[in-house]
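Colleague: Fold the following.
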Amino acid sequence: MAKWFGKKDQKLNLNPGEFEVLTTQAQRAWWENGKIIMTNHRLFWFPAVRSKQSSPTVEVDMEKVLGCVEKRSWYYLLTKPSLRILLTSGKSMDFHNIKDFGGVKSNVERFMGRERYVPGSLFTE
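Modeller: This is a model prediction of the structure:
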């Protein structure tokens, strides 16, 4: 049905042992709508409208996430919570108006800092 209306679903190339955990709507920057897709190893954000002015797709490895903080931003005059994701490099990313805020926050906290599975390393010591 999405093909009829011109909408495309995002295609993810998942690594071995990686699976999709959560998909929800969110905004990044000033009312730039998009979609957050979380796997057990990575976090993706895809803009809803692809144009020259829209920001690029965000991809973050969960092993590079230091933590996440709930904050109130001026985007919604301090009425809606936003999620700031802190990276080990010292940078941070903000996501606003997240539909499933609790789900995204709990999954970031659950999977942050987790190393990826390396094929062949399961039974080696």
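Colleague: C-alpha from now on. contacts and neighbour counts both.
Modeller: Fine.
Colleague: Spatially central residue in this protein, please.
Modeller: Closest residue to the average C-alpha location of the chain: L43 at 3.6 Å, with CA atoms, centre = their mean.
Colleague: Find the nearest non-adjacent residue to that residue, please.
Modeller: V60 (5.2 Å; CA to CA, 6 or more residues apart in numbering).
Colleague: Please tell me how far the one you found sits from R72.
Modeller: Between V60 and R72 the distance is 23 Å, computed by CA to CA, to the nearest Å.
Colleague: Then G90?
Modeller: Distance, G90 to R72, by CA to CA: 20 Å.
Colleague: Tell me where this structure has strands.
Modeller: 20-27, 33-39, 42-47, 58-61, 65-72, 81-87, 92-95 (DSSP state E).
Colleague: Note down every partner strand of the last one and its orientation.
Modeller: Looking at strand 92-95 with DSSP bridges, its partner strands are strand 81-87 (antiparallel).
Colleague: Quick one: mean pLDDT for the partner strand?
Modeller: If you average the pLDDT over strand 81-87, you get 92.
Colleague: Spit out the contact partners of L78.
Modeller: Residues counted as contacts of L78 (CA atoms under 8 Å, 6 or more residues apart in numbering) are R72.
Colleague: count of neighbours near G17?
Modeller: For G17, the neighbour count with other CA atoms under 10 Å is 11.
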